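J.: structure of the sequence below:
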Amino acid sequence: QVQLVESGGGLVQAGGSLRLSCAASGRTLSNYNMGWLRQAPGKEREFVSAISWSGDSYYADSVKGRFTISRDNARNTVYLQMSSLKPEDTAVYYCAAGQKRFVFTPGRPEAYDYWGQGTQVTVSS
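T.: Residues are numbered from 1 along each chain as shown. The predicted structure is shown next:
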């Protein structure tokens with residue numbers, strides 16, 4: 001079992017920055033693909049970014065160039081640095097961990113086995 005706890009969300013003005021953290025316990029994250037997904041009110045959960053166990057990173061087109069994902073395996077933590085935030089980035093952000101598979105499809109929720117409780121990000125205009 002992997003327990004994930006997100007932190008770093010909050011209220012920020014448009015154009016501002018936030019860094020989300022996802023701390024894991026129970027297993028070492030170095031063997032897992034990690035993802036960030038978000039869900040806005042009334043919308044389906046959508047992919048934001050992911051980083052594979054080997055370090056490959058993936059981004060949704062809507063955040064490419066503004067968000068950066070990273071992982072610190074020594075700290076068992078994954079980060080999402082968010083810059084140039086827009087009101088449409090407002091959502092609950094979830095951290096997720098997926099076991100190694102033959103194929104990693106980072107944009108699909110089914111790629112992940114464990115989820116955090118989420119952290120709210122609100123961007124005001």
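
J.: C-alpha only now, for contacts and for neighbours.
T.: Noted.

J.: buried residues in stretch 81-100?
T.: By 16 or more other CA atoms under 10 Å, the buried positions in stretch 81-100 come out as 82-83, 85-86, 89-99.

J.: mind checking which of these are in strands?
T.: 82, 91, 92, 93, 94, 95, 96, 97, 98, 99 (DSSP state E).

J.: now render these as TSV, adding distance to residue 22 and pLDDT.
T.: Output for those, formatted as TSV (distance: CA to CA, whole Å; pLDDT from 0 to 100):
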residue	distance to residue 22	pLDDT
82	14	98
91	16	98
92	13	98
93	10	98
94	9	98
95	6	98
96	9	97
97	10	96
98	14	95
99	16	92
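
J.: so which residue is dead centre in the protein?
T.: residue 36 (2.0 Å; CA atoms, centre = their mean).

J.: that one bridge partners, please.
T.: Beta-bridge partners for residue 36, by DSSP bridges, are residue 49, residue 95.

J.: list the contacts for it?
T.: Taking CA atoms under 8 Å, 6 or more residues apart in numbering, we find residue 36 in contact with 47, 48, 49, 50, 80, 93, 94, 95, 96.

J.: one step back: now for the buried residues of stretch 81-100, which pair is the farthest apart?
T.: 86 and 99 (31.8 Å; CA to CA).

J.: what sits against residue 8?
T.: 18, 19, 20, 21, 119.

J.: which of these are buried?
T.: Buried, going by 16+ other CA under 10 Å: 18, 19, 20, 21, 119, out of the contacts of residue 8.

J.: excluding chain neighbours, what is closest to the first one?
T.: The shortest distance from residue 18 to any residue other than its chain neighbours is 5.2 Å, reached at residue 82 (CA to CA, 6 or more residues apart in numbering).
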